[in-house]
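Peer 1: Let's see this in three dimensions:
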Amino acid sequence: MRNASRVVLETVASTPNPFRYGSPVTGANFTGRTVERQALVSGMSDGLNVSLVSPRRYGKTSLLLRAEGTII
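Peer 2: Numbering: from 1, shown residues only. As a prediction, the model looks like this:
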């Protein structure tokens, strides 16, 4: 079992991270979160104050920019 765990760890360590980080994600790199984006756009269109809460680097800025682009 130890050898299997070692192989898994080595595979994970050698696999590049598919997620971009460091700057907001735009264009084709932004995927999913349709429900969240629609809720944000709806609230913004209705003139509501909306708060996005999550840990750092979870895509809050990317989501906000995508929603903003839908409205403008």
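
Peer 1: Hmm, Leu52 and Leu64 touching each other?
Peer 2: Yes: the pair formed by Leu64 and Leu52 meets the contact definition of C-beta atoms under 8 Å, at 6.5 Å. Every C-beta, even on glycine, is put in place using the N, C-alpha and C of the backbone.

Peer 1: what do the two both touch?
Peer 2: Leu40 (C-beta atoms under 8 Å, 6 or more residues apart in numbering).

Peer 1: separation between the residue nearest the centre of the chain and Asp46?
Peer 2: Residue closest to the average C-alpha location in the chain (C-alpha atoms, centre = their mean): Gly59, at 3.8 Å. Computed as C-beta to C-beta, to the nearest Å, the Gly59 to Asp46 distance reads 23 Å.

Peer 1: Quick one: the helices in the protein, in order.
Peer 2: For the chain, applying DSSP state H gives helices covering 2-14, 34-45, 60-71.

Peer 1: residues contacting Tyr21?
Peer 2: Applying C-beta under 8 Å, 6+ apart, the residues contacting Tyr21 are Arg57.

Peer 1: what pLDDT does it get?
Peer 2: Note on Tyr21: pLDDT of 73.

Peer 1: do the same with the one 4 residues further on
Peer 2: Val25 carries a pLDDT value of 83.

Peer 1: Likewise for Leu63?
Peer 2: Leu63 is assigned a predicted lDDT (pLDDT) of 91.

Peer 1: do the same with the one 3 residues further on
Peer 2: Arg66 carries a pLDDT value of 89.

Peer 1: That one against Gln38, yeah?
Peer 2: No: using C-beta under 8 Å, Arg66 makes no contact with Gln38, being 10.8 Å away.

Peer 1: These two: which is more packed in?
Peer 2: Neighbour totals were compared for Arg66 and Gln38, and Arg66 leads with 20 against 12 (other C-beta atoms under 10 Å).

Peer 1: Tell me which residues touch that one, please.
Peer 2: Applying C-beta under 8 Å, 6+ apart to Arg66 gives the contacts Thr26, Phe30, Arg33, Arg37.
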